[in-house]
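Q: With the input below, show me the fold.
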Amino acid sequence: PGKGAMNHLREKAFGWSTAGILALLLAGPAHALPFDINVIFGGGLSPSQQAVFTEAENTWESLLPGYQAGISITSLDITASGIAIDGPGGILGSAGPTYGTDQGGFILSTDGIMQFDTADLSVLETSGDLVDVILHEMAHVVGLGTLWELNGVYVNGTGQYTGAAALAAYQAEFDLAATFVPVELDGGAGTANGHWDETWAGGPNELMTGWLNAPTFISNTTVRSFVDIGYVPEPGTLLLLGLGLVGLAAARRRRSLH
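A: Numbers count the residues shown, from 1 in each chain. Here you go, the predicted structure:
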């Protein structure tokens, strides 16, 4: 099977792959399995940096404990590493799904990659941004923003996400009269068409908007959007709204996330 090309992450402009999945595996038997992220450390990450990846893995597994019926994926394997790219600043790294499968009526990620320039990792960690960035980018590897079009919940350039589960959550949380979830159209390639709109009714502090603003939280709209692309959320995730994420620093500078 083939591998999708990766977009670069530049300073203050974090990117995820939009190249598409080149290889789709055969669908398996009709039974649901737990959602298991397997982070494979490929070198270049300190123990404390590896711990941030593990924290993000545990967070998403707790919010998304399973797949829907008809999906037989055993794990989402993400290779995470620190590599030398171009020194401090400039290109920070790359992240996105690399392999996928067509099962249960969904296109799902089975493998992904998250790479960061070793010259920038310590800066991200010291500033307190690394937790936010890893959580955000891991969500893109799982499929938020990267697999919307392939799963028929978004048409590029419209700014209107129409997946039923996320829309219902958005109506309940933020805008009862909404007919779509607003998607970001600004920020250029990597930000536009892959994040919730910065000016949506949920506010700019939600983790999956295109810019990072403290204090960060994960909305039920984000959690339920994964239902639209094949996952089963943990009951009661609506309670996360307004609680924030454990370990996130209270003060962050505003920065663009791709």
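Q: Which strands or helices does the longest helix anywhere in the chain pack on?
A: The residue-count maximum for a helix in the chain (DSSP state H) belongs to helix 47-63. Packing partners of helix 47-63 (3 or more CB pairs under 8 Å, 6 or more residues apart in numbering; DSSP states H and E): strand 37-41, strand 76-83, helix 118-127, helix 130-142. All C-beta atoms are positioned from the backbone trio N, CA, C, and that covers glycine.
Q: beta partners for Gln115?
A: Ser81, Ser94 (DSSP bridges).
Q: Isn't it up against Leu92?
A: No - using CB atoms under 8 Å, Gln115 makes no contact with Leu92, being 9.2 Å away.
Q: So these two - more neighbours on which side?
A: Taking neighbours as other CB atoms under 10 Å, Gln115 and Leu92 compare with Leu92 leading, 27 against 21.
Q: how far does whichever helix or strand comes after the longest helix of the chain sit from the chain's center?
A: The helix or strand immediately downstream of helix 47-63 is strand 66-67, counting by DSSP states H and E. Centroid separation for strand 66-67 versus its chain: 16 Å, with CA atoms, centre = their mean, to the nearest Å.
Q: Would you map the strands across this protein?
A: 8-10, 24-25, 37-41, 66-67, 76-83, 91-103, 106-117, 160-161, 181-182, 211-212, 231-232, 255-256 (DSSP state E).
Q: between these, which has the poorest average model confidence?
A: Averaging pLDDT over each of the strands of the chain singles out strand 24-25 as the lowest, with a mean of 38.
Q: hang on, the earlier thing: wait, which of the helices and strands packed on helix 47-63 is closest to Asp197?
A: helix 130-142 (15.6 Å; CB to CB).
Q: Next, the angle from that closest one to strand 91-103.
A: 30 degrees (axes from the mean of the first three to the mean of the last three CA atoms, to 10 degrees).
Q: circling back: so which of the helices and strands packed on helix 47-63 is the most packed in?
A: helix 130-142 (a mean of 25; mean count of other CB atoms under 10 Å).
Q: Mind giving me the packing neighbours of that helix?
A: helix 47-63, strand 76-83, strand 91-103, strand 106-117, helix 118-127, strand 211-212.
Q: pLDDT of it, averaged?
A: pLDDT averaged over helix 130-142 gives 90.
Q: Centroid-nearest residue for this structure?
A: Ala139 (1.7 Å; CA atoms, centre = their mean).
Q: okay, now the residue nearest to it when sequence neighbours are not counted: neighbour count?
A: In space, and not counting its chain neighbours, Ala139 is closest to Met208: 6.1 Å by CB to CB, 6 or more residues apart in numbering. Using other CB under 10 Å, Met208 has 22 other residues around it.
Q: dump the residue contacts of Met208.
A: Taking CB atoms under 8 Å, 6 or more residues apart in numbering, we find Met208 in contact with 136, 139, 144-145, 195-196, 218, 222.
Q: Disregarding residues adjacent in the polypeptide, which is nearest to Asp186?
A: That would be Ala192: by CB to CB, 6+ apart, it lies 6.2 Å from Asp186.
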